[in-house]
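J.: Kindly return the folded structure for what I paste below:
(2 chains, ligands or ions: 2)
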Amino acid sequence: MTELLEPRAMGRDLVRRDGVRKVRGTATYAFETPVESPAFCHPLQATVARGRITAVDTTAAEALDGVLAVVTHENAERLASTDDAELAVLQSPEVAFRGQPIGVVVAETSELARQAADLVRVTYDEQPHDSVLSADRGDLYAPEKVNPGYDTDTVQGDVDAELAASAVRVEQTYATAMVHNNPLEPHASTALWDAADGGKLTLWDSTQGVHPDRKAVCSLFGLDLERVQVVCPYVGGGFGSKGTPHANVVLVAMAARALPGRAVKLALTRQQMFTMAGYRTPTIQRMQLGADRDGRIRALALDVVEQTSRIKEFAEQTGVPARMMYTAAARRTTHRLAALDVPVPSWFRAPGECPGMFGPEVAMDELAHALGMDPVELRIRNEPDRDPETGQPWSSRHLVECLREGAERFGWAGRDPRPGVRREDGWLVGTGMASSVYPTMRQAQSTATVRFEDGRYVVEIGAADLGTGAWTVLPQIAADALDADVDDVEVRIGDTRYPIASVAGGSSGTNTWGSAIVEAARQFRGKFGRRPEDGDEAQGSVDQAATDDEHATYAFGAQFVEARVHADTGEVRVPRLLGVFACGRIVNPRTARSQFIGGMTMGLSMALHENSAWDARIGQVANHDLAEYHVTVNADVGDVQAHWIDEHDPYVNAMGIKGIGEIGIVGTAAAVVNAVFHATGVRVRHLPVTLDKILPGLP
Amino acid sequence: MKPFAYARPSDVAEAVREVAAEPNAVFLGGGTNLVDHLKLGVARPDLVVDVRTLTSREITDTGDGGLLVGAAVSNSELAADRRVRERWPVLTQALLAGANGQLRNLATVGGNPLQRTRCVYFQDVTTACNKRAPGSGCSAIGGYTRYHAILGASEQCIATHPSDMAVALTALDAVVHTEGPRGARTIPFGELHRLPGDDPSRDTVLEHGELVTAVELPPLEMARRSTYRKVRDRASYAFALVSVAAAVDLADDGTVRDARVALGGVAHTPWRATRAEEVLRGRRLTDDTARAAAEAELADAVPQPGIDGGNAFKVPLVARTLTAALRILTGREG
Ligand SMILES: Cc1cc2nc3c(=O)[nH]c(=O)nc-3n(C[C@H](O)[C@H](O)[C@H](O)COP(=O)(O)OP(=O)(O)OC[C@H]3O[C@@H](n4cnc5c(N)ncnc54)[C@H](O)[C@@H]3O)c2cc1C
Ligand code: SF4
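T.: Residues are numbered from 1 along each chain as shown, chains lettered A, B, ... in the order given. Ligands and ions are numbered 1, 2, ... in the order given. You can find the predicted model right below:
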């Protein structure tokens, strides 16, 4: 248990410190970094899904006036580390997936680079490829662990026996689609290799963590940390896709090193975002739920099948939330992977929890329907008083409060459970709900410096603001930790000049960096008291992942949805989304609300729209641009409300906070599917919920 | 992407001459489609002739109750015109159902009907496509066919025409005015686009160098009772899965005296549903009539198998959308 900080600045809805700069357009993003006469890169990409490059003819490209370099596997520098096959680009003629980078053209203008890229002739020895995910493949395998280190399979009790003894059973297969992160700002960088003095790389990169980014680059190129500086004050969205560097970073660094003294720029095109920037694997979720007549779950099993790339394993932890969400007399979760000739999957907002709360939360709705029980009540009946997986007590768990308050605010009471019976102006109307969860995590390493400068406290930490609000909330934490006025605190982030900080991922940033800041403030006050002198400076760090290993630490939430389905055409509209969350203390209601409603909107997008249409014949996403790959637009978003309950958790950290960046997307899609069922009587088990899946069930 | 020359001639005649003289030249309207294609390498012209300031930006009365719409009029201006909103509401609705505000401000009346298919393979130069690279094959067949044709397709190409405005203009019997190397002519809108047959590279009957100068809306009294019903994968900013432009002339007893129906999202052309119109004429407008009309029109429909189940859903969807559209026109509850 930690002594919680007294909240004075924390809890206030202060405006974003970076807001004015962004609105005025003076906030510089990586690609816009002002540098002298930059050159521009355009990646070359494989046009076969598997094979070997037999020849590359760059003559025509190189002959163009203004082309500075064409780097391919034939002339690229050898990387110091090729352990990460996604990043070990241009090291061999092997092609592992269509769209894999096989070179980079550098030219005086971006247009010229693109033109030259068109002129490079590549011939391949094409080999048969295989990219079809299915649950009945013979070559599915169990990975050693699932991300980031969870057990692949778990078993408690005798699932088959409990299932057989259950009065009511739901046994269904659910599927989530392949989806691609498409932050408004694509993956982009500016890089400068200064050859003097043994060489130094400055990399302005759109990243969720300057320090992890630097570490990866240093190990790839065999450079000492001091030789690389990564700068990233602003990020136009990441959602996990900028959590680890992708091949574009390697290409831009290679291009910079090929042209010492010349800054080079590389921004992925929207189409390239569909091959190089990661994606969420499609998942196939076989669910078995068995319960007594009174709703108590006896058996809960989730068997997940998903994909990874042949060259690099990425095992989405989809089965993990089913291990702790509800009580069950017996439980099984498994993960099986197919290693395919596909681009490498990666982090996507709420990896694991987001897809993993789809199948189970729809199955809960199906169970409630089969039992004739209210779905809110069914969840309350299966509320565990300890973590069912570990037996640990919860640091705090207020799911039931979220469910009750959500039901109250949404107007759930008195809901007629019958599906397909409400019609207004030609639209079938229904409501649905689902639970949300996200683990509270702290990363292993972060350090902050506090310095007294011109009468103000300057806090430095190499953290990242992805649009989340770090620029604004870290000063609030620092102010309370220092017992100072928030206006007297300046926080500097987004540069490896500042002390090491963890990635903005796993909703752990504010928790981890805030903990380091609190520790630095303690050190500072301990050393210098309340009347510091100009230049006084102290550091504080966190150096282990969690301080409390006796409690299960999670944030919870409940989401409620109203859906309307056109009785003729099957078009789906969601006029209302309402979430109530229990995420510890909320540092800033303004930025927090944006996180929640942003997550919920992304969940709506997953529910209704996002679908990377995989063309297995050629091995690529067919609809690879934002005109054809649909994300939810304004007209799809109605009244979205995020509320939270006042939660006091003394076990998580000194701020009493849990993560808020990801939980909003968890459960939304299930709630939408459940509402569509209530509206129409049609149960769509395969995302997204498009009208073609509803039409056959409409009268 | 490849370099090209850019010309800004001073009048229509010169523009036509310049394009006609250069086999690899194109006209540039608002550029909302062409510029994308330049970047993607789908269009690789040597000469781009900007016609935005050459054709008329006026919408003028023709004297017989019709309108003449200059080719440089923006989609937004046309949609907002009071005469259009009152006398041809289907056209305003179709325009406003397309793209988004920014694009409609740029897009021209000349360019809109000539925008090219959104077939994802057409737009990706690394895949085979008979329309973009004749003889290379059609990647769409057996692939991502959600937005593809169920009517009038060929073994060479199954693409659809993406324009919403064009569907309305087809139903309204609009007339296209052109100026080409062989002089001026008019083309009934329903004859502007062509089916793919064995030459999918040609979307329309326009000759190389033939410039659209205006679109004429003939008087059509029944168009006052007209509507555009577009069904898409999200609430806005998406191309039609299926759309219906419909106008009806109803007798006092509810019998259909005359009807105009055109379909979008189903064929290589905006599809004039003459068989459906025939069924509607002389009958009372009920859901059953609407369904019968759709069935008649879709008798020869050939759905395409493909990724995520292909596009067979369009067959019932056309019938359902036509039903919904005709309900709107008779003010019946949904
Ligand atoms: C993301 C996105 C979404 C969209 N959604 C929709 C939608 O839902 N519905 C819809 O209908 N449209 C939609 N559009 C397409 C948009 O309506 C068209 O791009 C636009 O109407 C084309 O008009 P333009 O003047 O910009 O044509 P341009 O791009 O300038 O030209 C298009 C073609 O017409 C030729 N051309 C132009 N003017 C003339 C002329 N006067 N005579 C002869 N040839 C000419 C050009 O050479 C070119 O081949 C969308 C576009 C985008 C980018
Ligand atoms: S449908 Fe037509 S446009 Fe699409 S790939 Fe086939 S030939 Fe090309």
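
J.: Residue A:404: helix or strand, and which one exactly?
T.: helix A:399-410 (DSSP states H and E).

J.: ok, and what's touching that helix?
T.: For helix A:399-410, the external contacting residues (C-beta atoms under 8 Å, 6 or more residues apart in numbering or on different chains) are A:376, A:379-380, A:383, A:412-413, A:431, A:433, A:435, A:437, A:556-560, A:576, A:578-582, A:641, A:643, A:645. In this view, the C-beta of every residue, glycine as well, is placed from N, C-alpha and C.

J.: Just the buried ones from the residues you listed, in ChimeraX syntax?
T.: Applying 16 or more other C-beta atoms under 10 Å in any protein chain shown to the contacts of helix A:399-410 leaves a buried subset, and the ChimeraX line that selects it is:
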select /A:376,379,412,431,433,435,437,556,557,558,559,560,576,578,579,580,581,582,641,643,645
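
J.: so of the contacts of helix A:399-410, which ones are in helices?
T.: The members of those that map onto helices under DSSP state H are A:376, A:379, A:380.

J.: Could you dump the residues you listed into TSV and include pLDDT?
T.: Shown next, in TSV, are these (pLDDT from 0 to 100):
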residue	pLDDT
A:376	98
A:379	98
A:380	98
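
J.: could you point out where the chain is predicted with low confidence?
T.: Answering for chain A, as no chain was given. A:1-2, A:546-547 (pLDDT under 70).

J.: Sorry, I should have been clearer: chain B.
T.: Scanning chain B for pLDDT under 70 picks out B:333-334.

J.: Can you tell me which residues in it are near ligand 1?
T.: B:26-34, B:51, B:55, B:71, B:75, B:98-99, B:103, B:106-108, B:110-112, B:114-115, B:162-165, B:211-212, B:239 (C-beta under 6 Å from any ligand atom).

J.: how far away is residue B:121 from residue B:202?
T.: 18 Å (C-beta to C-beta, to the nearest Å).

J.: quick one: which of those two has more around it?
T.: A direct count of neighbours by other C-beta atoms under 10 Å in any protein chain shown for residue B:121 and residue B:202 places residue B:121 higher, at 26 against 15.

J.: and the longest helix for chain B?
T.: helix B:314-330.

J.: list the buried ones in it?
T.: Applying 16+ other C-beta under 10 Å to helix B:314-330 flags B:314-329 as buried.

J.: cool, stretch A:449-456 as well?
T.: Per 16+ other C-beta under 10 Å, stretch A:449-456 contains these buried residues: A:449, A:450, A:451, A:452.

J.: Same question for stretch B:259-278.
T.: B:259-273, B:275-277.

J.: do the longest helix of chain B and chain A meet?
T.: Yes: Helix B:314-330 reaches chain A (C-beta under 8 Å from any C-beta of the partner chain) through B:316, B:317, B:320, B:321, B:323, B:324, B:327.

J.: So which other helices or strands are in contact with that helix?
T.: Here helix B:314-330 is seen to pack against strand B:226-232, strand B:240-250, helix B:287-297 when contacts are counted using 3 or more C-beta pairs under 8 Å, 6 or more residues apart in numbering or on different chains; DSSP states H and E.

J.: For residue A:55, find the nearest of those.
T.: Evaluated over the helices and strands packed on helix B:314-330, closeness to residue A:55 peaks at strand B:240-250, with 43.4 Å, by C-beta to C-beta.

J.: how far out from the middle of the chain is that closest one?
T.: Remark: strand B:240-250 is offset 13 Å from the chain centroid, using C-alpha atoms, centre = their mean, to the nearest Å.

J.: give me the beta-bridge partners of the nearest residue to residue B:265 once chain neighbours are set aside?
T.: Computed as C-beta to C-beta, 6 or more residues apart in numbering or on different chains, the closest residue to residue B:265 that is not its neighbour in sequence is residue B:240, at 4.0 Å. Beta bridges link residue B:240 to residue B:232 when assigned by DSSP bridges.

J.: ok, now how distant is residue B:240 from chain A?
T.: Separation of residue B:240 from chain A (C-beta to the nearest C-beta, to the nearest Å): 11 Å.

J.: Next up, the contacts around that residue.
T.: Counting by C-beta under 8 Å, 6+ apart, residue B:240 has contacts B:97, B:162, B:164, B:167, B:230, B:231, B:232, B:264, B:265.
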